[in-house]
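Visitor: sequence? don't have it. structure:
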């Protein structure tokens, strides 16, 4: 159990660090997007106030809870010994509602929108892949001290690490695309297009940063 707790703390720290990086990308982008366009002078205070509250409160608090439920789900599965499909599905089904209600995109969407069911399914796929990845990390027994070492021990090769990252990024992109396809799914009162632009650009910056870090870890 000591090894699992060690790995848990390393992954938790890494996930929190990544959350803060992504939220900071958003804060920087919201300023740059609002500095362009005459109409933005009118809506800037409203959108900026909303985004600051959302990133400081809703998004951070919600994402921290998502991190907790993801890691605890993986930890519970490992504690049960050999993981069967039935056990995995039971824990996913039990914990997904908590993960979903704390999702930063889900919180800003209309649950009665025709596209919401697709967004919900993508969010579930994200949760499943995160739990699967966390299981892989938690099971590492080698003598490691930081996230790069843990990542190398878990995936063994750069290609396996890249495929795991790509799967997660693809689901995130799929979710953003659903919202971009019909912005009426968003429940925010004003500045939907600006928020969508920031969401897309922040994702692209995060994607680039994660791939660069993976390259550095395995080179």
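Guide: Perfect, thanks for sending it. Keep in mind that what you see is a predicted model, and the values were worked out from it rather than measured.
Visitor: rest of the way, CA atoms for contacts and neighbours
Guide: Fine.
Visitor: quick check: pLDDT value at residue 45.
Guide: At residue 45, the model reports a pLDDT of 59.
Visitor: can you check the one 10 residues further on too?
Guide: We have a pLDDT of 62 for residue 55.
Visitor: can you pull the contacts of the nearest residue to residue 70 once chain neighbours are set aside?
Guide: The spatially closest residue to residue 70, leaving aside those adjacent along the chain, is residue 131, at 5.5 Å (CA to CA, 6 or more residues apart in numbering). With contact set as CA atoms under 8 Å, 6 or more residues apart in numbering, residue 131 has these partners: 70-71, 73-74.
Visitor: just after the lowest-mean-pLDDT helix or strand in the chain, pick out the following helix or strand.
Guide: Least confident helix or strand of the chain, by mean pLDDT, DSSP states H and E, is helix 40-53 with a mean of 58. Note on helix 40-53: by DSSP states H and E, the next helix or strand toward the C-terminus is helix 60-79.
Visitor: buried residues, that following helix. List them.
Guide: Under the neighbour-count criterion of 16 or more other CA atoms under 10 Å, helix 60-79 has 60, 62-67, 69-75, 77-78 buried.
Visitor: before we move on, what about stretch 162-174?
Guide: Residues 162, 164-165, 168-169, 171-174 are the ones in stretch 162-174 that count as buried (16+ other CA under 10 Å).
Visitor: and these as TSV, adding pLDDT?
Guide: Below are these laid out as TSV (pLDDT from 0 to 100):
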residue	pLDDT
162	95
164	94
165	94
168	94
169	94
171	95
172	92
173	94
174	95
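Visitor: looking at these, which is nearest residue 116?
Guide: Using CA to CA, residue 174 is the member of the buried residues of stretch 162-174 that sits closest to residue 116, with 12.7 Å.
Visitor: the closest residue to the closest one other than its chain neighbours: what's it in contact with?
Guide: Closest residue to residue 174 apart from its sequence neighbours, by CA to CA, 6+ apart: residue 122 at 7.1 Å. Contacts of residue 122 were listed using CA under 8 Å, 6+ apart, and they are 171-172, 174-175.
Visitor: now swap in residue 192 and tell me
Guide: Going by CA under 8 Å, 6+ apart, residue 192 touches 183, 186.
Visitor: got phi/psi on it?
Guide: As for residue 192, its main-chain torsions (degrees, to the nearest 10) stand at phi -60, psi -40.
Visitor: cool, and residue 186?
Guide: Torsion angles, degrees, to the nearest 10, at residue 186: phi -80, psi 140.
Visitor: thought it was touching residue 111?
Guide: No. Judged on CA atoms under 8 Å, residue 186 makes no contact with residue 111 at a distance of 9.5 Å.
Visitor: neighbour-wise, which of the two wins?
Guide: residue 186 (22 against 16; other CA atoms under 10 Å).
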